[in-house]
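> Fold the following for me, if possible:
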Amino acid sequence: MPFEVTILGSSSATPTSTRYPSAQLVNLLGRFFLLDCGEGTQIQLRRHGFKIQKIQYICISHLHGDHYLGLIGLLSTMSLLNRKKEITIFAPKGIKKILDLHFKLSYSALSFPLKIIPLQGSALKKIFEDESCELFSFGLKHRIPCWGFKLIEKKRPRKLIKSAIDKYNIPFNSFQSIKLGSDYLNPNKKVIKNDLITHASYTPRSYAYCSDTVYFEKIIKHVFEVDLLYHEATFHSNMSKKARSTFHSTAREAALVAKNANVKALLLGHFSSRYKDLSVLQDDAKIIFSNVNLAVEGSKWKINKSKLL
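A predicted model of the protein is given here:
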């Protein structure tokens, strides 16, 4: 099953002719999470072949316009298309006032229910889970309250070894408990250890999204050893003073978080419009961390399965 991140927007506050404000779509085992929703997000979704009605969850990191101004348009289009299924929005508490005011003044209403869950606190907090995945929020350090998000696939059941199942004559009605890690007790009261009759599926996959933030060491423990880390990189390290004064990060600082968190790969984004050639930011980050990629519009990043030994 897929775990894929599609970049819809990579620009900072000022968009360019080729770069849209922040937005990403994550397909986690058929569940679609929209991370931020800057201007033009619904256009980008259509451009890259996504059906907007498949989106179930929307995460808004903070209430600067380049991260949420596409939300009203997206919700309105869903309503025009007669959506009925509920959408859950995880966002700072002010988002409800913004949406309520718009729909009040425009004398309009949505065709579907909205469930709004306010983001709270700076600690790592589970804000959603189902049988297959978990969503966490954690505090970033920006000019206004801002949160990052982490998506984690739940541990998969162990795989039965067919030859061992046959060897020990294990009945079908014991399979489920064995897949969940139990040993098997045969009719002669002999215990057959689980690792003799199963093997691990694969290591659960993970993705972390760090929206606008100054370099913030507390992030490291929240994103430790994720498979893929997105971290804003608004500026080159030669503009570190500007980054600090605006509560943003440099590419090199993003790489430092990735290195200290021991992540497998780093995605840079939220690029200042001053950079026409983004390779200068990638090269800046590679001084610290080797596996650095650019979150450019339309790029897709698959988080692949890795088997446990």
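> alpha carbons only for contacts and neighbour counts from here, please
Noted.
> outside of the helix or strand hosting residue 97, which residues touch it?
Taking DSSP states H and E as the definition, one finds residue 97 inside helix 94-105. Helix 94-105 is contacted by residues 63, 72, 109, 116 when judged by CA atoms under 8 Å, 6 or more residues apart in numbering.
> what do you get for stretch 262-269?
10-11, 223-234, 251, 254-255, 258, 282, 291-296.
> 7 Å - rerun?
Outside stretch 262-269, the residues that touch it by CA atoms under 7 Å, 6 or more residues apart in numbering are 10, 224-233, 258, 291-295.
> So the residue of the chain most remote from its centre, which state does it fall into?
Distance from the C-alpha centroid of the chain, by CA atoms, centre = their mean, peaks at residue 188 (49.2 Å). Under DSSP: H, G, I helix; E, B strand; the rest coil, residue 188 falls in the coil class.
> Just the buried subset of the contacts of helix 94-105, written out for PyMOL, thanks.
To isolate the buried members of the contacts of helix 94-105 in PyMOL, using 16 or more other CA atoms under 10 Å:
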select buried, resi 63+72+116
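> Redo the contacts of helix 94-105 as TSV? Include pLDDT, distance to residue 94 and secondary structure.
Output for the contacts of helix 94-105, formatted as TSV (pLDDT from 0 to 100; distance: CA to CA, whole Å; DSSP: H, G, I helix; E, B strand; the rest coil):
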residue	pLDDT	distance to residue 94	secondary structure
63	98	8	coil
72	98	14	helix
109	96	19	coil
116	98	10	strand
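> what two of the contacts of helix 94-105 are the furthest from one another?
63 and 109 (22.0 Å; CA to CA).
> Strands of the stretch 101-250 of the chain, residue ranges please.
Secondary structure of the stretch 101-250 of the chain (DSSP state E, counting those that start in this stretch): strands at 114-118, 125-129, 133-139, 147-153, 159-160, 184-185, 191-192, 198-199, 206-210, 228-232.
> quick one, which of these is packed in tightest?
strand 228-232 (a mean of 26; mean count of other CA atoms under 10 Å).
> who's in contact with the closest residue to residue 54 other than its chain neighbours?
Ranked by CA to CA, 6 or more residues apart in numbering and with sequence neighbours excluded, the top spatial neighbour of residue 54 is residue 32, at 6.6 Å. Contact analysis of residue 32 by CA under 7 Å, 6+ apart lists 25, 26, 54, 55, 56, 57.
> Nice, that's everything, thank you.
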